[in-house]
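Visitor: Just the structure for this:
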Amino acid sequence: MKIPVIGMGGIASAEDAIEMILAGASAVSVGTANFHDPGVSAKIVDGIEKYMERQGFESVADMVGIVR
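Guide: As a prediction, this is how the structure comes out:
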């Protein structure tokens with residue numbers, strides 16, 4: 001049985017989100033960082049897209065759990 005994992009807690013940058021995704025999270029949640037920078041979610045999405053382009057990923061789903 002596969003149970004989806006959502007990465008939560010301490011996500012304040014694209015690098016944080018990417019680490020969670022590579023470790024197995026199929027989604028991430030940005031919380032407190034939004035209070036410090038209301039535009040952080042858009043910055044995280046942009047950073048993930050740039051990472052995907054550099055690494056040759058076509059979708060976030062291709063990244064999920066490749067580092068175990």
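Visitor: doesn't residue 57 fall inside a helix?
Guide: No - read with DSSP: H, G, I helix; E, B strand; the rest coil, residue 57 is coil and lies in no helix.
Visitor: count of neighbours near it?
Guide: When neighbours are defined as other CB atoms under 10 Å, residue 57 has 16 of them. All C-beta spots, glycine's among them, are computed from the backbone N, C-alpha and C.
Visitor: That one contacts residue 64, doesn't it?
Guide: No - Residue 57 lies out of contact with residue 64 (CB atoms under 8 Å); the separation is 10.2 Å.
Visitor: any low-confidence regions in the protein?
Guide: Applying pLDDT under 70 to the chain picks out residues 1, 68.
Visitor: now the strands for it?
Guide: 6-8, 27-29 (DSSP state E).
Visitor: how far away is the residue nearest in space to the middle of the chain from residue 56?
Guide: The centre of the chain sits closest to residue 17, judged by CA atoms, centre = their mean, with a distance of 2.9 Å. Residue 17 sits at a distance of 18 Å from residue 56 (criterion: CB to CB, to the nearest Å).
Visitor: related to what we said a few turns ago, quick one, what contacts the residue nearest to the centre of the chain?
Guide: 7, 11, 28, 30, 44, 47-48 (CB atoms under 8 Å, 6 or more residues apart in numbering).
Visitor: Which of the residues you listed ranks first by neighbour count?
Guide: residue 11 (23 neighbours).
Visitor: right, and that residue touches residue 43 too?
Guide: No - using CB under 8 Å as the test, residue 11 is too far from residue 43 to be in contact (11.6 Å).
Visitor: Nothing else from me, thank you.
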